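> what follows is a predicted structure for the sequence shown.
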Amino acid sequence: MIKQFCRCFLYVAFLCCTTISHAAVPQSPNLLLFMADDMTYTDLGCYGHPDVKTPHIDRLARQGLRFTHCYNAAPTCSPLRQSLFTGMYPVRNGAHPNHSRVYEGVKSLPHYLRPLGYRVAIVGKRHEAPASAFPFEMLGGSHGDGGRTPAGADLPLERTREFMDRDTQHPWCLVVTSNQPHTPWNRGDSSQYDPDKLFVPPYLVDTPVLREALSKYYAEITYMDGQVGTILEHLRDSGQERNTVVLWLSEQGSQLPFGKWTCYDTGIHAAAIVRWPEQVNPGTESGALLSYVDVVPTFVEIAGGQLNVVDGKSFAPLLRGESSVHNDVVFSVNTTRGIYHGSEAFGIRSATDGRWLYIRNLHSENEFQNMVTHRDTVYASWRTVDSDFARQRLNSYVRRAPEELYNLADDPWCLSNHASAPTHRDHLTRLSAQMDVWMKQQGDSGDATERGAESRQPRQKPWSKNGEYARQAEK
């Protein structure tokens, strides 16, 4: 174990010390990344949802490119964001459990863009550590909302105006991280969503409690969509809209069962929309397979550099219409170690080629436990339903087979596990082999990696108090 850890650490250190190459690109565009919080990718008008009102995001999709096969590297906030900002998968960068930290020396988006002349800032939620590894200029905001802050205080978008206009001689990169629609669902106007008239996705058990939750959850999505409208208005007013690349991401799935904390498609599949005037054709769609680890190298290439030392690879050629394919397979990881009310150990790894999703449950002998099983009223309400479907969904959430295989083209809700079907054995064998290679390359030893997950969680969490993260980052 010690030798393996040392090899992994030295490899990470090598990656982090490697510099990017520069290319002379005049008038580098600004980069604007907006991320929602705990939102299932299907819950948008432009992704086909019949009820959810997202007029600003829908308009952005009409103005740009909508990706249908984008995946995050982890279905929990902290490892997801740290993989996004570093371009490295969670085990390799050191931040695979929730509330975690990357290895010392790992670099992130500000480290790569500042040498290219960019100002790099963030406003809103923070969930990364240590602060030195993520030296964004902090414009304000808070980690979480909980209804304790007045409207807008957790995401002070008015401060982004000054940032955009401060120095017109240099391009900027701005990351906007909303707290919505993360629970508690207390923002927005839920009266516009009549619970009795809502569409219930077929992977969920239809109960009055679920419908009430959907009403509040959808209201927060619409509230977040208003935040998107505000930041795009600020961009338009600044006169820099034509020279700004906008990327909108939905993050991981919602806290409803089979979303967040799971590697089912509703947990790891993400909505992704890019608007790049005069580069991306408006109203277009791409089925290319993306991962969140691809964002950093993409931004670096757009900024005029090149980054080849991370796990991700640039999808800028897709945006410019120079290619229509990207990854062959992408991966995700999840652990219940260190999460609230989590199982003693229940490591999950997944691999998908966009059509088939393979899941490996490292501790299938254990029950899967988390916040949903502990105190979620929606999940609890399913126990009141006398039907085979309700009983199956209750049981399948906590009891998992060692391997799972889903045909996403025919079964996007992951209702039928084909892992034991002889007719699909070739897909399972292929994805399982690719996962073996990837885990070895990542330094992921499976059970031992899970048992040591809590060692990757800092004792002091820099995002725990409003403003504390910014003060640490300035030191």
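That came in fine, so what should we check first? Residues are numbered from 1 along each chain as shown.
> need the contact list for Tyr41.
Neighbouring residues of Tyr41 by Cβ atoms under 8 Å, 6 or more residues apart in numbering: 47, 70, 250, 253, 266, 269-271. Any C-beta I mention is one placed from the backbone N, CA and C, and that applies to glycine too.
> for the longest helix seen in the chain, packing partners?
Longest helix in the chain, counting residues (DSSP state H): helix 208-238. Counting contacts by 3 or more Cβ pairs under 8 Å, 6 or more residues apart in numbering; DSSP states H and E, helix 208-238 packs against strand 30-35, helix 55-63, helix 158-166, strand 244-249, helix 377-381.
> any low-confidence regions in the stretch 351-475 of the chain?
Applying pLDDT under 70 to the stretch 351-475 of the chain flags the ranges 464-475.
> what count of nearby residues applies to the closest residue in space to Arg166 that isn't next to it in sequence?
Counting by Cβ to Cβ, 6 or more residues apart in numbering, Arg166 lies nearest to Arg119, which is 7.6 Å off, once chain neighbours are set aside. By other Cβ atoms under 10 Å, 18 other residues sit near Arg119.
> again, but for Leu408
If we define neighbours as other Cβ under 10 Å, then Leu408 has 17 of them.
> was I right about it contacting Gly354?
Yes - at 7.2 Å, Leu408 and Gly354 qualify as touching, with contact defined as Cβ atoms under 8 Å.
> domain ranges for this protein, per the record?
29-328, 334-456 (automatic domain parsing).
> looking at the ones you listed, which is closest to Trp463?
When these are compared by Cβ to Cβ, domain 29-328 sits nearest Trp463, at 4.1 Å.
> quick revisit: give the buried residues for the longest helix of the chain.
Neighbour-count burial for helix 208-238, with 16 or more other Cβ atoms under 10 Å as criterion, is recorded at 209-225, 227-232, 234-235, 238.
> which other helices and strands contact whichever helix or strand Leu405 is part of?
Assessed by DSSP states H and E, Leu405 sits inside strand 403-407. If you count contacts as 3+ Cβ pairs under 8 Å, 6+ apart, strand 403-407 packs onto strand 356-361, helix 425-442.
> on that earlier part again, quick check, nearest of the contacts of Tyr41 to Ser332?
Of all the contacts of Tyr41, Ser332 sits closest to His269, with 9.7 Å by Cβ to Cβ.
> quick check: pLDDT value at that closest one.
Per-residue pLDDT puts His269 at 98.
> that older thread, nearest to Pro462, of the domains of the chain?
Nearest to Pro462, of the domains of the chain and by Cβ to Cβ, is domain 29-328 at 5.0 Å.
> quick check: closest non-adjacent residue to Gly94.
Tyr103 is the one closest to Gly94 (Cβ to Cβ, 6+ apart), at 3.8 Å.
> count the neighbours of the one you found for me.
20.
> tell me the secondary structure for Ala390?
helix (DSSP: H, G, I helix; E, B strand; the rest coil).
> ok, it touching Val205?
Yes - look at Ala390 against Val205 with Cβ under 8 Å: they come within range, at 4.7 Å.
> these two: who's more crowded?
Neighbour count, other Cβ under 10 Å: between Ala390 and Val205, Val205 has more, with 23 against 17.
> which pLDDT does the model give that one?
98.
> that one and Thr183, how far apart?
19 Å (Cβ to Cβ, to the nearest Å).
> ok, Val246 next?
From Val246 to Thr183 the distance is 27 Å (Cβ to Cβ).
> and Leu408, by the same measure?
With Cβ to Cβ as the criterion, Leu408 and Thr183 are 27 Å apart.
> hey, which of the domains of the chain is tucked in deepest?
domain 29-328 (a mean of 21; mean count of other Cβ atoms under 10 Å).
> span of that domain from start to end?
Taking Cα to Cα, to the nearest Å as the measure, domain 29-328 stretches 29 Å from start to finish.
> repeat that for stretch 415-423.
18 Å.
> tell me how far it lies from the chain's centre.
28 Å (Cα atoms, centre = their mean, to the nearest Å).
> ditto for stretch 57-73
13 Å.
> hey, C-alpha coordinates of it in CSV?
Only the C-alpha atoms of stretch 57-73 are listed here, as CSV (Å, rounded to 0.1, in the frame of the first residue of the first chain):
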residue,chain,number,x,y,z
ILE,A,57,-31.5,28.3,-20.2
ASP,A,58,-33.8,27.3,-23.1
ARG,A,59,-32.9,30.5,-24.9
LEU,A,60,-29.2,29.8,-24.3
ALA,A,61,-29.7,26.4,-25.9
ARG,A,62,-31.3,28.0,-28.9
GLN,A,63,-28.4,30.3,-29.2
GLY,A,64,-25.7,27.6,-28.9
LEU,A,65,-24.9,23.9,-28.7
ARG,A,66,-26.7,21.4,-26.5
PHE,A,67,-24.7,18.3,-25.5
THR,A,68,-26.8,15.1,-24.9
HIS,A,69,-24.0,12.9,-23.4
CYS,A,70,-22.1,14.8,-20.9
TYR,A,71,-21.1,13.1,-17.6
ASN,A,72,-19.7,14.2,-14.3
ALA,A,73,-16.9,12.3,-12.6
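> how about the strands in the stretch 251-400 of the chain?
Using DSSP state E, counting those that start in this stretch, the strands of the stretch 251-400 of the chain run over 269-275, 284-291, 305-306, 330-334, 348-352, 356-361.
> could these go into TSV alongside distance to Pro29?
Below are the strands of the stretch 251-400 of the chain laid out as TSV (distance: least, Cβ to Cβ, whole Å):
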stretch	distance to Pro29
strand 269-275	11
strand 284-291	18
strand 305-306	13
strand 330-334	26
strand 348-352	31
strand 356-361	34
